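Have a look; sequence and predicted model below, questions after that.
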Amino acid sequence: MELEYNSARPMLKIPEYGRNVQKLIEHAISVTDREERTKMAYAIVNVMSILNPQLKELTDYKIKLWDHLFVISNYQLDVDSPYPMPSPDALKIKPSRIAYPSNKIRFKHYGKIIEMMIKEIDRIEDQSQKDEQIKVIANFMKMAYLNWNRDTVTDDMIFEHLSLLSGGKIKLDDSVKLSQSSELSLKTPS
């Protein structure tokens, strides 16, 4: 009896399904009766869904399974599929490049989302709700500053940064008190 090593076997098209699924598909290609081939294809797709249960979380997972079936068969499996066979060229298409964000963040320790939230404050019409949102953002800014710098930070400094980020539209007076630094800083386990 001679051992068969994986290095001597043909490459797996999609390794997630394993060599046995690939052999099943190769066998299905060799079957001459189209109806029998179609039954085998449905059975193989069921096996593939069992082997990769995480695909069921996708909305169109059945289409993906059938696409994988055709890819593994090198587009040679001729069956009555519930979905059209994908084009072999579709695998060769590379996605377009995603542009790197070029916008400047004024205070990196607050992040871009805080800047966007401060710009959205103007849209709030109810003044009491607006004041409450500003206070929440200011407390978050204080926490972010403490996480980044680990120094104490005064409320006046946060108010100044808030005013700078809003273009002078948001000004808090000294009567507004933010949470204490000890309450906001992240505690590291000892």
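That came through, no problem.

State the three-state secondary structure for M141.
helix (DSSP: H, G, I helix; E, B strand; the rest coil).

Could you say which helix or strand holds L162?
Per DSSP states H and E: L162 is located in helix 155-165.

Can you give the distance of that helix from its chain's centre?
Taking Cα atoms, centre = their mean, to the nearest Å, one finds helix 155-165 lying 33 Å from the centre of the chain it belongs to.

From the contact counts, what lies against that helix?
helix 112-120, helix 127-149 (3 or more Cβ pairs under 8 Å, 6 or more residues apart in numbering; DSSP states H and E). For glycine as for every other residue, the C-beta is placed from the backbone atoms N, C-alpha and C.

quick one: that helix to helix 127-149, angle?
Angle of helix 155-165 versus helix 127-149, following axes from the mean of the first three to the mean of the last three Cα atoms, to 10 degrees, is 110 degrees.

how much does helix 155-165 deviate in direction from helix 112-120?
70 degrees.

can you tell me how far S179 sits from S128?
19 Å (Cβ to Cβ, to the nearest Å).

can you list the helices and strands packed on helix 155-165 in JSON lines and add mean pLDDT and mean neighbour count?
Below are these laid out as JSON lines (pLDDT from 0 to 100; neighbours: other Cβ atoms under 10 Å):
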{"stretch": "helix 112-120", "mean pLDDT": "87", "mean neighbour count": "15"}
{"stretch": "helix 127-149", "mean pLDDT": "86", "mean neighbour count": "16"}
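
Reformat these as CSV; add distance to N52.
What follows is the helices and strands packed on helix 155-165, written out as CSV (distance: least, Cβ to Cβ, whole Å):
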stretch, distance to N52
helix 112-120, 35
helix 127-149, 39
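
host element of R19?
Going by DSSP H and E, R19 is part of helix 18-30.

Can I get that helix in PDB? Just the C-alpha atoms.
Extracted C-alpha coordinates of helix 18-30, given in PDB (Å, rounded to 0.1, in the frame of the first residue of the first chain):
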ATOM      1  CA  GLY A  18     -11.800  20.100   2.100                       C
ATOM      2  CA  ARG A  19     -10.600  17.400  -0.300                       C
ATOM      3  CA  ASN A  20     -13.700  15.100   0.000                       C
ATOM      4  CA  VAL A  21     -16.000  17.800  -1.300                       C
ATOM      5  CA  GLN A  22     -13.700  18.500  -4.200                       C
ATOM      6  CA  LYS A  23     -13.700  14.700  -5.000                       C
ATOM      7  CA  LEU A  24     -17.500  14.600  -4.800                       C
ATOM      8  CA  ILE A  25     -17.700  17.500  -7.300                       C
ATOM      9  CA  GLU A  26     -15.200  15.700  -9.600                       C
ATOM     10  CA  HIS A  27     -17.400  12.600  -9.400                       C
ATOM     11  CA  ALA A  28     -20.500  14.600 -10.100                       C
ATOM     12  CA  ILE A  29     -18.800  16.100 -13.200                       C
ATOM     13  CA  SER A  30     -18.200  12.500 -14.500                       C
END
